[in-house]
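Asks: Need a 3D model of the following:
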Amino acid sequence: MAILEGGVSGNIAEVDSNKNLKVNLPTGQTQAGYASIIFENDAGTLFGTKRVGVPFVTYDRRLSVGIDTPYFDYTFNATAQDTGVWRHVTATMTTTWGTTGMLLNASLTTTTTTGTAVSSWRTFPLTANGTMVVDMTLLMTDTIVANQVVEFGLFPFGAGTAAPTEGAYFRFTNAGLIGVLNFNAVETTSAVMLSVGAITINQAYQYSIKIHERVVSFWRDGVLLANGEITIPAAQGQPFIITQLPLTFQFRNSGAASGTLAATKILDAAVDQKSLNLGKPYQHIQAGKGLMAYQGTNGGTMGTTALYSNSLAAGAGVVMTNTTAALGNGLGGQFTTTATLAAGTDGIVCNFAVPAGSVNQTPRMLYITGVRVQSAVVSNLTGGPLLWAYSLAFGHSNLNLTTAEAIAAKASRRIALGFETIPVTSIAGVVGAGVYVAFNSPVVVAPNENIALVAKNLGTVASAGAVTFLVFFDGYWE
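Replies: Take a look at the predicted model:
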């Protein structure tokens, strides 16, 4: 039996009841030692070597930490292409959109030089002092065969039939899964990171690319892949020469394919800037994701949310009511009324119903941060003057403003916006001063609720004439 004994003091070391050696740290600073902290980044399950990192302490003795900035996140759960966020190209091969994901090569095309690609309209900037992380969840519907090529990551939108010419992305063929860096059409590739057999059919995996200025790594389900780290070539200053690229998914046939063919289903995707707090307001981040209030969300009506079609004429106008959107539906836009609404009666200028949402349309909250309205005479007034008292009605479960608060119904909440005047017997071309209100506390409208701009004439009712309103809502979706 070995016994620990002090060579000078002759004292014997002691253990506790759990047979752990009793150790007491020095109580004086002159006897104190130092410990270095190392954090485990990856256990080395696939790479074979544990990956560790040392934290950094600044010169004023503060631990250096980073705050992430989200760029983008998206779930493919709509049954039609979200044209506000994604663009799409097909060359014989087809892509379908559905509740459970977007399917590339849904047609199981066999012919050579065919393909399909889907790419985000927005691009993502590479920074010199931070790490961008691209996360993509997808699955293969069958075992990939010779000449089928799937690429996903950051690279330019193209014809869908050729290899990318820039970027950082995964490439999957019947030879296996590799990582690719592409600098001005010159590829630097990893060795095979996963064999075809290591990818279970119809099982979703999250694939991640971590892009740093000097190294790019490739991960699956939070584990660094074997051969999954590529050091930037010495002659290159960064992973790819185009410093901003879109998120792109591509399926192509490099030659004729045969046998039981595979397709790829994309489930969701996200892009984040790690370790850098870019100071972007939340509404700017949402707008960057395509979630500005000015356009429809996935699964709903695509295009503008405003009633403002190309070359929209003023028209003769109709009388406003407080029970229907007689002038039209839209989150802002152009609306014309006759100036004969009864004095003191609310009239709906425009109404917008926030989509209820479903499994193929994400239910979203609408945040309104400001409203602007201005009116102009488009047909000579007989009588007047008009004194518009504007208000914002929101949160009501029925666009009818007379709806009362009840257990199964919600009445509108109201915010007074201000006055605008139109002089008596004004001729066409007379423009009011307009009203703009910004909200320090945003107006929030939930799915299934309505928001409406309301005008009430507190002046004298005109017997003839028409007025056109231009309405603008500033805001974003969450």
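
Asks: Surely Thr382 is in contact with Ala462?
Replies: Yes: in this structure Thr382 lies within contact range of Ala462 using Cβ atoms under 8 Å: 5.8 Å. For glycine as for every other residue, the C-beta is placed from the backbone atoms N, C-alpha and C.

Asks: Which one's more surrounded, the two?
Replies: Taking other Cβ atoms under 10 Å, Thr382 and Ala462 do not tie; Ala462 has more neighbours (25 against 13).

Asks: Please identify the helix or strand for that one.
Replies: Secondary structure from DSSP states H and E places Ala462 outside every helix and strand.

Asks: what does His284 give?
Replies: In the assignment (DSSP H and E), His284 maps to helix 282-288.

Asks: for that helix, which positions count as buried?
Replies: Within helix 282-288, the residues that count as buried by 16 or more other Cβ atoms under 10 Å are 283, 285-288.

Asks: out of the residues you listed, who's nearest Thr110?
Replies: Thr110 has its nearest neighbour among these in Gly288, at 39.1 Å by Cβ to Cβ.

Asks: what about the closest one, distance to Met132?
Replies: The gap separating Gly288 from Met132 is 14 Å, by Cβ to Cβ, to the nearest Å.

Asks: and for these two, which residues touch both?
Replies: Residues touching both Gly288 and Met132 (Cβ atoms under 8 Å, 6 or more residues apart in numbering) are Tyr71.

Asks: Just to check, Tyr359 is in contact with Thr75?
Replies: Let me fix one detail, which is that residue 359 is Val and not Tyr. No: contact criterion Cβ under 8 Å: Val359 and Thr75 do not qualify, at 10.6 Å.

Asks: returning to that earlier point: can you tell me what sits against the helix holding His284?
Replies: Contact with helix 282-288 is made by 69-72, 122, 280, 292, 367, 369, 475-478, as judged by Cβ under 8 Å, 6+ apart.

Asks: Might you report the residue contacts of Leu392?
Replies: Leu392 makes contact with 368, 371, 414-415, 417, 437, 443, 451-454 under the criterion Cβ under 8 Å, 6+ apart.

Asks: swap that for Ala185, sorry
Replies: So Ala185 contacts 165-166 (Cβ under 8 Å, 6+ apart).

Asks: Strands of the stretch 351-478 of the chain, start to end?
Replies: Using DSSP state E, counting those that start in this stretch, the strands assigned to the stretch 351-478 of the chain run over residues 366-382, 386-396, 413-422, 435-445, 450-457, 464-477.

Asks: Same list (these) but as a markdown table, adding distance to Asn41 and mean pLDDT.
Replies: Below are the strands of the stretch 351-478 of the chain laid out as a markdown table (distance: least, Cβ to Cβ, whole Å; pLDDT from 0 to 100):
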| stretch | distance to Asn41 | mean pLDDT |
| --- | --- | --- |
| strand 366-382 | 37 | 97 |
| strand 386-396 | 47 | 97 |
| strand 413-422 | 49 | 97 |
| strand 435-445 | 39 | 96 |
| strand 450-457 | 47 | 97 |
| strand 464-477 | 35 | 97 |
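
Asks: Out of these, which gets nearest to Ala204?
Replies: Closest approach to Ala204 among these is made by strand 464-477 (25.8 Å; Cβ to Cβ).

Asks: buried residues in the closest one?
Replies: For strand 464-477, by 16+ other Cβ under 10 Å, it's 465-477.

Asks: For it, which helices and strands make contact with it?
Replies: helix 282-288, strand 333-338, strand 346-353, strand 366-382, strand 435-445, strand 450-457 (3 or more Cβ pairs under 8 Å, 6 or more residues apart in numbering; DSSP states H and E).

Asks: tell me the centre residue of the protein?
Replies: Centre of the chain computed as the mean C-alpha position; nearest residue by Cα atoms, centre = their mean is Lys289, 3.1 Å away.

Asks: Tell me who's in contact with it.
Replies: Taking Cβ under 8 Å, 6+ apart as the test, what Lys289 contacts is 71-74, 85, 122.

Asks: And Leu261, how far from Phe335?
Replies: Using Cβ to Cβ, Leu261 is found at 52 Å from Phe335.

Asks: Specify which residue of these two has the higher count of neighbours.
Replies: Neighbour count, other Cβ under 10 Å: between Leu261 and Phe335, Phe335 has more, with 31 against 18.

Asks: Quick check: beta-bridge partners of the more buried one?
Replies: Phe469 (DSSP bridges).

Asks: my guess is it contacts Ala326, does it?
Replies: No: look at Phe335 against Ala326 with Cβ under 8 Å: they stay out of range, at 9.3 Å.

Asks: For the stretch 101-250 of the chain, which segments are assigned as strands?
Replies: 101-104, 114-120, 124-125, 131-140, 148-154, 167-173, 176-183, 186-189, 205-211, 215-220, 223-231, 244-245, 247-253.

Asks: Could you dump those strands into a markdown table with mean neighbour count and distance to Ala270 added?
Replies: Listed next are the strands of the stretch 101-250 of the chain as a markdown table, based on neighbours: other Cβ atoms under 10 Å; distance: least, Cβ to Cβ, whole Å:
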| stretch | mean neighbour count | distance to Ala270 |
| --- | --- | --- |
| strand 101-104 | 24 | 15 |
| strand 114-120 | 24 | 11 |
| strand 124-125 | 16 | 11 |
| strand 131-140 | 21 | 5 |
| strand 148-154 | 24 | 13 |
| strand 167-173 | 24 | 15 |
| strand 176-183 | 23 | 19 |
| strand 186-189 | 14 | 25 |
| strand 205-211 | 21 | 9 |
| strand 215-220 | 22 | 13 |
| strand 223-231 | 20 | 18 |
| strand 244-245 | 18 | 15 |
| strand 247-253 | 26 | 9 |
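
Asks: Throw those into CSV and include distance to Ala198, thanks.
Replies: As requested, the strands of the stretch 101-250 of the chain are exported to CSV (distance: least, Cβ to Cβ, whole Å):
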stretch, distance to Ala198
strand 101-104, 21
strand 114-120, 25
strand 124-125, 29
strand 131-140, 11
strand 148-154, 15
strand 167-173, 11
strand 176-183, 8
strand 186-189, 18
strand 205-211, 10
strand 215-220, 9
strand 223-231, 10
strand 244-245, 28
strand 247-253, 20
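
Asks: Quick one: closest of those to Leu331.
Replies: Closest approach to Leu331 among the strands of the stretch 101-250 of the chain (Cβ to Cβ): strand 114-120, 23.5 Å.

Asks: Sweet, I'm off.
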